[in-house]
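Participant: Let me see the structure of the following:
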Amino acid sequence: MKRISALFSVVAIFALSTGTALAAPVEKTNGFVCPVIESEAVGLHNPQAVPLGETGDYTIPGPDVSVPVHATNGNGAGVPGGPHSGPGDTDYTAIWARN
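Facilitator: Modelled structure (predicted):
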């Protein structure tokens, strides 16, 4: 009975690890950190802040990163200076895809 239990455990662990190993890799993109600051007062008083086009939003640009596509602003559709998501939007993130 102990052998059957041990065998079952080994098979279960193998099945779980195989399922994880066979999963498709996460699609990644090169990107950059670029938080959206919606307050003009913050943008004007922080010497590192720059406008995001003519949208009225500001940002403080950050480092380059490699992240999953869905982890980027607007699920990869956000464009600094163009249509993008801001704080409070369900698809907002400070990480942007570098298209």
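Participant: Would you map the helices across this protein?
Facilitator: 2-21, 40-45 (DSSP state H).
Participant: looking at those, which one has the lowest mean pLDDT?
Facilitator: Least confidently modelled of the helices of the chain is helix 2-21, at a mean of 54 by mean pLDDT.
Participant: all strands of the chain, in order?
Facilitator: 28-33, 50-51, 58-59, 64-68, 95-97 (DSSP state E).
Participant: Dump the ones you listed to a markdown table, plus mean neighbour count and mean pLDDT.
Facilitator: C-beta coordinates here come from the backbone N, C-alpha and C atoms, glycine included. A markdown table is the format used below for those (neighbours: other C-beta atoms under 10 Å; pLDDT from 0 to 100):
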| stretch | mean neighbour count | mean pLDDT |
| --- | --- | --- |
| strand 28-33 | 16 | 87 |
| strand 50-51 | 15 | 85 |
| strand 58-59 | 21 | 87 |
| strand 64-68 | 13 | 88 |
| strand 95-97 | 22 | 90 |
